[in-house]
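Asker: this is a predicted model, with the sequence first.
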Number of protein chains: 4
Amino acid sequence: MSGTDPGEAHLHRLVLFSDAVFAIAITLLAIEIHPPEHWNGIPHLLSLMAPKLAAYAVSFAVIGIYWVSHRRIFSRLASANGILDTLNFVVLGLVALLPLATELLWEQVGGQAYPVYVALVGAIGLALAATWGYAAFIGKLAKPVPWPEAVFILARVAVLPGLMCGLSFFSIIYPWGWALMAALVGGFSLLGRWISRLSASPAPDTTT
Amino acid sequence: MSGTDPGEAHLHRLVLFSDAVFAIAITLLAIEIHPPEHWNGIPHLLSLMAPKLAAYAVSFAVIGIYWVSHRRIFSRLASANGILDTLNFVVLGLVALLPLATELLWEQVGGQAYPVYVALVGAIGLALAATWGYAAFIGKLAKPVPWPEAVFILARVAVLPGLMCGLSFFSIIYPWGWALMAALVGGFSLLGRWISRLSASPAPDTTT
Amino acid sequence: MSGTDPGEAHLHRLVLFSDAVFAIAITLLAIEIHPPEHWNGIPHLLSLMAPKLAAYAVSFAVIGIYWVSHRRIFSRLASANGILDTLNFVVLGLVALLPLATELLWEQVGGQAYPVYVALVGAIGLALAATWGYAAFIGKLAKPVPWPEAVFILARVAVLPGLMCGLSFFSIIYPWGWALMAALVGGFSLLGRWISRLSASPAPDTTT
Amino acid sequence: MSGTDPGEAHLHRLVLFSDAVFAIAITLLAIEIHPPEHWNGIPHLLSLMAPKLAAYAVSFAVIGIYWVSHRRIFSRLASANGILDTLNFVVLGLVALLPLATELLWEQVGGQAYPVYVALVGAIGLALAATWGYAAFIGKLAKPVPWPEAVFILARVAVLPGLMCGLSFFSIIYPWGWALMAALVGGFSLLGRWISRLSASPAPDTTT
């Protein structure tokens, strides 16, 4: 805590605080699920609880994906400041709404909660992208990173989780959506490898 | 944990504990918000949930601001003792009441919850100011800090968040309150810069 | 995490885990408190909420005191093992029941919840004392500590919080209980100083 | 956070995040327990609350045992990657369902919740075993460990907690189940010692 660079200590405490919020949000997802009052045998119980457990699994995956993104982004930072705090709070404030959005999902009638849920997931992605964008391009808080890689990280975190979430719901109705999703995830993965190979090569324009 | 100065290890554990309480309080803000039973389209949903989401956003900002203040104050400390523990517990005990006060805010009839809420926010500021005041002036737990800066930190944490919160509610009715708030925040910011420049200058009376 | 002594890393993770449980239990104390449905003015609100806020304050103080005791005890340890884990889990399992006991306190009719609450507080003290007793005398997990001091810590953590809590309730009815409590706390404090002075003196039997 | 090996920093953050989820799940176990509305004397209160407190104690023990297993497994790792994140998230996602399964346990009619509960406990063991299996045999994330020991850890974490939990419920009806459990725990303990002695001996095939 003391004896180290203040910016680094600040970053460390910000990361621990964010982890705690992610951990609480992910654990609270299940707290509003209660067992049904009457059930008869395990298949009956599972059929009664299926919508809630499915919504729980989706939101658990969403928070998990964003925790991984958050960890990756923050592992690239070297310092923190007040603006990073603020942007990170926007991310956490949206993440903390996911238990509510999950409840919306399992209580919905006629599928009208899907766009609300996808919009929230997308908004978290945009907020996290803004956090990284600020840290890498404006606040100069990141460790040295080639700019094509920095731009790729920005694009990936901004759109990938939201698209994946939207496509998941879409694929429930149109199963060929899964092919679209596989293409999307595969494409981003290939693009990421290509860009990091590009950055590793001694090209003069990528050593910024 | 071991091999370090006991006071420093104590401080470290106190900071981690406080972070956990802040993180839990901020995440629990949303847990009492439940989706409405009947809604028809996203605009209808948002209009039904607007009072709760607004109260959530305000309290999220309040806890965020106090977390930043807490982080700043504790980054200036070098050690901890039992009295600091106690004062910090008062801060945390009031912060943990914010989810309750937020519920009060969105359930109120006729605006009578505003003074209760502002009083709680103000009380957190006073408790945090007392924590800093004790650490800097009485307990000698802070790293060396020029006294004008120490007094300024005390004054800022004691009054700024409470005033900002009160003015926010005031500005809902009288929009010129926002100008007052901008002046207040700007004034404190300028004063802070002036004082830290003063402290950085080699004046003999500020090196205490 | 790696590169250090396994027992020390174990202890570190145990402390972090315990802190998280303490922090969650203390923050959840307030979560079952809800604002009254009808109230008219702040004095009316406070009078309606007084029993819940009083119970909240008492339990917050209890958890605070035990967190301080836990911190003090664990700052004297150098290692951890599976039995320490188990004893510590008993402490945490009882601490996690305090939100429930607090609810019992504010919903009681005719004071019959007081002995239940005091019994739980006393049981936490005994469990924490057993944790320290095992670590210091049987498991040899503590840093070197003179045995009179080790015995004193055991006695203090085993009886002081429970007695203080019982006396607090007693003093609501018989105000002279406060004098008894002042004498008790003062006596333990004096005894503690006397013992640590004794331990600091170069007597041959205290260097164990 | 910075200046260290990225894989090690990743592992460190994953451990802290997991600890937070374990701590929240264990503390939330008690949050759905509410005091009965009418009770008369402590024996009456305890008899009314006994099913809930018993279910609480069982789940607290289950989470405690898995936290110890998780701690032991992760203390043997040297690094982390995205697949470890994912497997660990499956563990945490199942652990976070334990408060729900506990509620199921105390609300059940006619013992039909026991197999559901045991299945969940068993699933956590399998997920944790998969995490260790991946880390030790496929991902090469573990510190050097002789393979008989690695296999033994896998088998123990996969079956022991689930078997213990199932046998506990079995033993409520058939008390000789406790003898079976003692044999099981004792057998695993002896096997573990035998294997670690085997690994410590300078046999050429165990130094992998």
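Answerer: Structure's in. What do you need?
Asker: the residue of chain A found nearest chain D and chain C: what is the separation?
Answerer: Proximity of chain A to chain D (Cβ to the nearest Cβ) peaks at A:Ala23, 3.4 Å away. (Glycine included, C-beta is placed from N, CA and C.) From A:Ala23 across to chain C, the span is 9 Å (Cβ to the nearest Cβ, to the nearest Å).
Asker: same question for A:Ser59.
Answerer: In terms of Cβ to the nearest Cβ, A:Ser59 sits 20 Å off from chain C.
Asker: can you check A:Pro144 too?
Answerer: A:Pro144 is 26 Å from chain C, by Cβ to the nearest Cβ.
Asker: that residue looks like it's in a helix, true?
Answerer: No - counting by DSSP: H, G, I helix; E, B strand; the rest coil, A:Pro144 is not part of a helix but coil.
Asker: which phi and psi does it have?
Answerer: A:Pro144 has phi and psi values of phi -50, psi 130 when expressed as degrees, to the nearest 10.
Asker: what is the burial count for it?
Answerer: When neighbours are counted by other Cβ atoms under 10 Å in any protein chain shown, A:Pro144 registers 8.
Asker: mind checking which helix or strand the residue nearest the centre of chain A is in?
Answerer: Centroid-nearest residue in chain A, with Cα atoms, centre = their mean: A:Tyr66, separated by 2.1 Å. Assigned by DSSP states H and E, A:Tyr66 belongs to helix A:42-75.
Asker: who are the packing partners of the following helix or strand past that helix?
Answerer: The C-terminal neighbour of helix A:42-75 among helices and strands, as given by DSSP H and E, is helix A:82-95. Helices and strands touching helix A:82-95, by 3 or more Cβ pairs under 8 Å, 6 or more residues apart in numbering or on different chains; DSSP states H and E, are helix A:6-28, helix A:42-75, helix A:113-133, helix B:42-75.
Asker: contacts for helix A:82-95, please.
Answerer: The contact list for helix A:82-95, computed with Cβ atoms under 8 Å, 6 or more residues apart in numbering or on different chains, reads A:14, A:18, A:21-22, A:25, A:63, A:66, A:70, A:77, A:120, A:123-124, A:127-128, A:130-131, A:134-135, A:139, A:141, B:26, B:56-57, B:60-61, B:64, B:68.
Asker: and that helix with helix A:113-133, angle?
Answerer: 160 degrees (axes from the mean of the first three to the mean of the last three Cα atoms, to 10 degrees).
Asker: the helix or strand just after helix A:82-95 close to chain B?
Answerer: As assigned by DSSP H and E, the chain's next helix or strand after helix A:82-95 is helix A:98-107. Yes - Helix A:98-107 reaches chain B (Cβ under 8 Å from any Cβ of the partner chain) through A:99-100, A:103-104, A:107.
Asker: how about the residues of chain A that lie near chain C?
Answerer: Checking chain A against chain C by Cβ under 8 Å from any Cβ, the hits are A:Ala20.
Asker: quick one: low-confidence parts of chain A?
Answerer: A:1-4, A:200-208 (pLDDT under 70).
Asker: chain D contacts on that one?
Answerer: A:8, A:11-12, A:15-16, A:19-20, A:22-24, A:26-31, A:33-35, A:39-42, A:45, A:56-57, A:60-61, A:64, A:67-68, A:71, A:75, A:78, A:143.
Asker: surely A:His34 forms part of a helix?
Answerer: No - counting by three-state DSSP, A:His34 is not found in a helix; it is coil.
Asker: returning to that earlier point: list the contacts of the residue of chain A closest to chain D.
Answerer: So A:Ala23 contacts D:17, D:20-21, D:24 (Cβ under 8 Å, 6+ apart).
Asker: before we move on, the earlier item: quick one: closest of the helices and strands packed on helix A:82-95 to A:Gly186.
Answerer: Closest to A:Gly186 of the helices and strands packed on helix A:82-95, according to Cβ to Cβ: helix A:42-75, at 16.2 Å.
Asker: wait, does stretch A:62-79 make contact with chain B?
Answerer: No - applying Cβ under 8 Å from any Cβ, one finds stretch A:62-79 separated from chain B by no less than 11.5 Å.
Asker: which of the contacts of A:Ala23 sits closest to C:Gly177?
Answerer: Using Cβ to Cβ, the contacts of A:Ala23 come closest to C:Gly177 at D:Ile24, 37.5 Å.
Asker: how much space between A:Lys52 and A:Arg76?
Answerer: Per Cβ to Cβ, to the nearest Å, A:Lys52 is found 37 Å from A:Arg76.
Asker: my error: substitute A:Ala96 in the last question.
Answerer: 24 Å.
Asker: for the two, work out which one has more neighbours and name it.
Answerer: Ranked by neighbour count (other Cβ under 10 Å), A:Ala96 and A:Arg76 place A:Ala96 first, with 23 against 19.
Asker: for the spatially closest residue to A:Thr27 that is not a sequence neighbour, what are its contacts?
Answerer: Using Cβ to Cβ, 6 or more residues apart in numbering or on different chains and skipping residues adjacent in sequence, the residue nearest A:Thr27 is D:Ile24, 4.1 Å away. D:Ile24 sits next to A:23-24, A:27-28, C:20, C:24, D:96 when contact means Cβ under 8 Å, 6+ apart.
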